[in-house]
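> coords please:
(2 chains)
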Amino acid sequence: MLTTLSRRVALLLTLAMLSAIITGSAMAQDHEKLKEEGEQFLSEVEGNAPDPEHAAQGEHAGGDHDVHGVIGTVKQGLVTGITAIVVFLIVLVILSKAVWPKIQAGLDEREKKIRDEIESAEEARQQAKDALEMYEKSLAQARTEAQQMLEDAKVEQQKFSNELRTKAEAEQAARNEKAQREIESAKRAAVNEVYAEAATLATSIASKILSREVSSDDQMQLIEEAVAELGSASHS
Amino acid sequence: MTFDLPLVMAKIDPVSHVVNHQFWTYDGFWIWSAHTGNLTLSAIICIFVGKWAANKIATGDECEGTDRYVTKNKFAHMIEVICVYLKDTTIKPMLGDRTNAFMPFLLSLFFFILVNNLLGLVPIIDILHVIDNMLGGALGLAENHAAPVGGTATQNIYVTGALAFVAFLVINGAGISRMGLGQYLAHLTGGAPVYIWPLIILVEFMGIFIKPVALAIRLFANMTAGHVLVATLLMFVGAASAAGIAMFAGVGIVSTLSVIAIYFLELFVAFLQAFVFMFLTAVFIAQLDHHHDEEHGSVEAAH
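Alright, predicted model coming up:
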C-alpha cells in the first residue's frame, strides 16, 4: 500500500519535473525573442509614455505578442461569449431531456423500492406478531379448555363411582335382606315340619305305650308335653 | 543594453499565458478561439459523461433482480452523490416546491462550469505549443499566440458574463412568473415607507444587475488568480534557465513543488466556484418569492 502510494508520488513528481523542464525549455526557446521584444519595449518606454490602449488590445494581426489585458476586448470576447450561451443552452436542453430525468427517475425508483421494502418488512413483522399473539392466545385457551375437561371428567368420574358404590351397596343390602328372609322362612318351615313330625311321632309312641285310645284331650296334653320336652331338648 | 530581468518579466507577462488564444479571426472578431474550443469540448464531455452516468444510475433490467437499483460504476456513483447532495442540501431547502422545475438548470449550470474549470487545469495550450515547437513551428500556433482549444473558458469574463446573463434571465423570469409582474415590481420597494422609495427602488433596481455581474466577476477572478499564480511560478523556471543550470535546477524544483501544491488548491477552487455560482443563482431565485423576508431569513439561518 505504502510502496504503491510512494511509487505514485514519485511518478507524479517525475512527470511534474518533466513537464516543468519541457515548459521551461519551451520558454527558453522564446526567451531570445522575448528579450529582443523587451529591449524594443524598453526603447518604446524611453521614447514615449506607454499607450494603455495599445497594451490592452491584443488582437493585432497575426503573430503579434502584445501584452493582453486579463479582460479581452469586445472583439475578442463577443463571439466567445455568444458561443458560451449557445453551448450552455445546448447542454442544458440535452441534459434536461436525456440525463436529469433519467437520474431523477432512477433515484426515485430506488427510494420507492427501499421505502416499499421497509414498509412490507414492517407489515410482515406486524403480521408475524399478530400471528404469534393469536397462537399464544389459542394455546392458552386450549390449555384452559383441557384443564376444564380434565376437571369435568374428574367430577363425572367421582359422580359415577359414587353412583356405582351406592347402587352396589343397595344391591348388597337387598341381597342380604332376601337371604335373611329365605333363611327365616326355611327355618320356619323346618320348625313346622319338625313340629308336625314330632306330634305324629309322639302320638304313635303314646298309643303304643298306653295301647289305648287316647282321647283327644289327652292327645292334646301329650303333644304339648312332648313339644315342651323337644323344645327344651333342642334349646339345650 | 544589459540583461534587464524585471523588464523582460514585464514582457513575459504571466497573464499572457492565461488569457484566451485566438485561432480563427474575421475582421478582428475572434470567431474561434481556444476558449470556444474548450466550451465545445466541455459541452461534449457534459453530454456524453452525463448520458453515460444516467444509464449507470438509472434502474436496470428486471433480470438483474435487486441489483438493478444499484448504481453500476464508482465514477457514476460519485456524480450521483454530487447530484443528490446538491438537490437535498442546497436546492430543495431554498426552492421548496420549485425544486424540480429548477434542478435541471442548476445542475446543468454546476456541471458545465465544473467541467470548464477542470478542463482549465489541463495545460492543453502549453502541450500544443510544445508540440508546435518540437515540429519547428510547423503548426504556427506558438508563433501566432494561437490555439484551437485549451485555456480556461470560465476565466474569460465574456464567458462568465454570458453564463451570468443566462442566470439573470432565469432569476428574474422565475421571479416574475412566481410573483406576477405587479408584485415583482412592488418587491423593488423593499416594503419600505413611501418617502424613501426613490432611494430603495434605485438600489433594488441596481441590485438586479449587480447580482449577476458579481457572479460573473467572482468566477472570472477566482479562476484567473490561481492560474496566473501557476503561470508565474512556472515562468520562474523559464527565467532561471537563462541564469545557468544550477539556478534552473534549484528554481525548477521549488517552483514545480509549489505548482503541484497550488494545483491541488485549484482543484478545490474548481469545485468550489462551480458550486458558488450555482448556489448563489439558487439563492437569488429563492429571494424573488412571495414570502421574501421569511424565505431570506431561513436561507440565512440555514447557513
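
> distance of A:V74 from chain B?
Distance of A:V74 to chain B, given as C-beta to the nearest C-beta, to the nearest Å: 8 Å. No exception for glycine: its C-beta is placed from N, CA and C like everyone else's.

> so how many other residues sit close to that residue?
12 (other C-beta atoms under 10 Å in any protein chain shown).

> Name the helix or strand of chain A that has the lowest mean pLDDT.
The least trusted helix or strand in chain A, going by mean pLDDT, DSSP states H and E, turns out to be helix A:52-56, with a mean of 42.

> now the following helix or strand past that helix: how far from the chain's centre is it?
In the C-terminal direction, the helix or strand that comes right after helix A:52-56 (DSSP states H and E) is helix A:74-94. Centre-to-centre, helix A:74-94 and its host chain are 64 Å apart (C-alpha atoms, centre = their mean, to the nearest Å).

> What lies in contact with helix A:74-94?
Contact partners of helix A:74-94, identified using C-beta atoms under 8 Å, 6 or more residues apart in numbering or on different chains, comprise A:58-59, A:71, B:20, B:22, B:28-31, B:33, B:35-36, B:39-40, B:42-43, B:46-47, B:50, B:104-105, B:108-109, B:112, B:153, B:156-159, B:161-163, B:165-166.

> Kindly report the same for stretch B:63-78.
For stretch B:63-78, contacts defined as C-beta under 8 Å, 6+ apart pick out A:106, A:109-110, A:113-114, B:52-53, B:56-57, B:59-62, B:80.

> out of these, which is most surrounded?
Neighbour counts for the contacts of stretch B:63-78, by other C-beta under 10 Å, peak at B:I57, which reaches 26 neighbours.

> now the helix or strand where A:P101 lies against helix A:74-94, angle please.
Following DSSP H and E, one finds A:P101 within helix A:100-210. Inter-element angle recorded for helix A:100-210 and helix A:74-94: 20 degrees (by axes from the mean of the first three to the mean of the last three C-alpha atoms, to 10 degrees).

> hmm, back to that, looking at the contacts of stretch B:63-78, point me to the pair that's furthest apart.
Spatial extent of these (C-beta to C-beta) is set by the pair A:I114 and B:W52 at 24.6 Å.

> hmm, back to that, for the contacts of stretch B:63-78, give me TSV that also has pLDDT and distance to A:V155.
Output for those, formatted as TSV (pLDDT from 0 to 100; distance: C-beta to C-beta, whole Å):
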residue	pLDDT	distance to A:V155
A:G106	89	73
A:E109	89	67
A:R110	89	67
A:K113	90	62
A:I114	91	61
B:W52	94	84
B:A53	93	81
B:K56	90	78
B:I57	89	75
B:T59	83	70
B:G60	82	71
B:D61	81	71
B:E62	80	66
B:E80	92	76
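
> buried stuff in stretch B:18-26?
Using 16 or more other C-beta atoms under 10 Å in any protein chain shown as the test for burial, stretch B:18-26 gives B:18-23, B:25.

> Give me the subset of these lying in strands.
If you go by DSSP state E, the buried residues of stretch B:18-26 have B:22-23, B:25 in strands.

> Including distance to chain A, could those go into TSV?
Below are these laid out as TSV (distance: C-beta to the nearest C-beta, whole Å):
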residue	distance to chain A
B:Q22	7
B:F23	11
B:T25	7
